[in-house]
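Participant: Generate coordinates for the sequence data below:
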Amino acid sequence: MRWNIPNSLTLLRILMIPVFVGLFYLPDPILSAHDRNVFATAVFALASITDWLDGYLARRLQQTSAFGAFLDPVADKLMVAAALIVLVEFNRVGAVIALIIIGREIAISALREWMAGIGSRSSVAVANIGKVKTALQMAAILFLLYFDPLAGVNVALIGSLLMYAAALLTLISMAYYLRAAWPMMREK
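Facilitator: Coordinates of the predicted model:
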């Protein structure tokens, strides 16, 4: 396997996870609570941009690879799971919401692998509802990481509302994927 720019960006996203998590555990004399929120939000935003950029470059530069197709969703799920765990730890997201989102990601990833193994992966390809769920989830995480009021706007409340909407779409999208896979599941 030849290493390429998209795979490097994906690896960079994975390497950002300990930096992102570590920011929240720096003591106050090093970084104030507000500054931790700002820097963690920036790191998560940068990771989100690299997620988009690695896919764009892989297609544009024709550098798609089986390894990249495997590593990219793993990096995404690790980053989101790390963010949700930190948000639960700091009482910004309920544990049930985090479990719904992380559990769905694990279940759908396993379903996709199983479907690929029986030659029906296209039955559970990413659907529009999954894309909307991801967009809401990422926006919610960014708002909840920043958390502090901004220009009189209650960022934490907006983030919480977006997270509830993302959790609802998480359940709906999981039902959608399971329904799409059900005929093959019954058959096998």
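Participant: Leu87: neighbour count?
Facilitator: Using other C-beta atoms under 10 Å, Leu87 has 22 neighbouring residues. C-beta: built from backbone N, CA, C; applies to glycine.
Participant: how close does it get to Gln137?
Facilitator: Distance from Leu87 to Gln137, counting by C-beta to C-beta, to the nearest Å: 11 Å.
Participant: Now do the same contact list for Gln63.
Facilitator: By C-beta atoms under 8 Å, 6 or more residues apart in numbering, the residues touching Gln63 are 4-7, 57.
Participant: okay if I get those as CSV plus neighbour count and pLDDT?
Facilitator: Listed next are the contacts of Gln63 as CSV, based on neighbours: other C-beta atoms under 10 Å; pLDDT from 0 to 100:
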residue, neighbour count, pLDDT
Asn4, 19, 88
Ile5, 14, 90
Pro6, 24, 90
Asn7, 20, 91
Leu57, 19, 90
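Participant: Tell me which two in these are the farthest apart.
Facilitator: Maximum pairwise distance among the contacts of Gln63 (C-beta to C-beta): 9.9 Å, between Asn7 and Leu57.
Participant: For the chain, identify the residue most remote from the centre.
Facilitator: The centre of the chain is farthest from one residue, Glu187, which by C-alpha atoms, centre = their mean lies 31.7 Å away.
Participant: could you measure the residue most central in space within the chain against Pro27, distance?
Facilitator: The centroid of the chain falls nearest to Val80 when counting by C-alpha atoms, centre = their mean (3.6 Å). Val80 sits 27 Å away from Pro27, going by C-beta to C-beta.
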